[in-house]
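[1] for reference, the sequence and a predicted model appear below.
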Amino acid sequence: MHSTLIVARMAIDSSRSVAELFTDFDATDMPHRMGTRRRQLFAYRGLYFHLQDFDNDDGGARIEHAKDDPRFVRISDDLKPHIEAYDPATWRSPADAMAQRFYSWEAGA
């Protein structure tokens, strides 16, 4: 399983609105199109963490490919009042907000 972690900034009182936006988005076929197996959102002291798990290693590329879909564009626009880039000076696409994994462990089967 492949995972991506997007890091951004979010006002603490926006968590319910953001969850509702993703509830609607995840009810469409977009998660399937993007290969998303699971999505989890976290907040910590003004930071926003968006963890997506994928069946395959191409999750980041699939997000980049889906970013022109009108549904992706709409949720991105709807999230703007709630989520802002961690570093607005360098952000150009979701790939610019993805954390780099530097360690991984999982239990054997």
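    Right, received. Where do you want to start?

[2] alpha carbons only for contacts and neighbour counts from here, please
    Noted.

[3] now stretch 54-69: average pLDDT?
    The pLDDT scores in stretch 54-69 average 80.

[4] in whatever helix or strand Ser76 lives in, what's buried?
    Using DSSP states H and E, Ser76 falls within helix 70-79. Under the neighbour-count criterion of 16 or more other CA atoms under 10 Å, helix 70-79 has Leu79 buried.

[5] ditto for stretch 27-46
    31, 34-36, 39, 43.

[6] out of these, list just those in helices.
    31, 34 (DSSP state H).

[7] OK, contacts around the closest residue to Ala85 other than its chain neighbours?
    The shortest distance from Ala85 to any non-neighbouring residue, by CA to CA, 6 or more residues apart in numbering, is to Ala8 (4.9 Å). Contacts for Ala8 (CA atoms under 8 Å, 6 or more residues apart in numbering) come out as 47-49, 83-87, 97.

[8] among those, which one lies nearest to His65?
    Distance to His65, by CA to CA, is smallest for Ala97 among those, at 15.7 Å.

[9] how far off centre is the helix or strand containing Asp24?
    According to DSSP H and E, Asp24 maps onto helix 15-26. How far helix 15-26 lies from its chain's middle: 12 Å, per CA atoms, centre = their mean, to the nearest Å.
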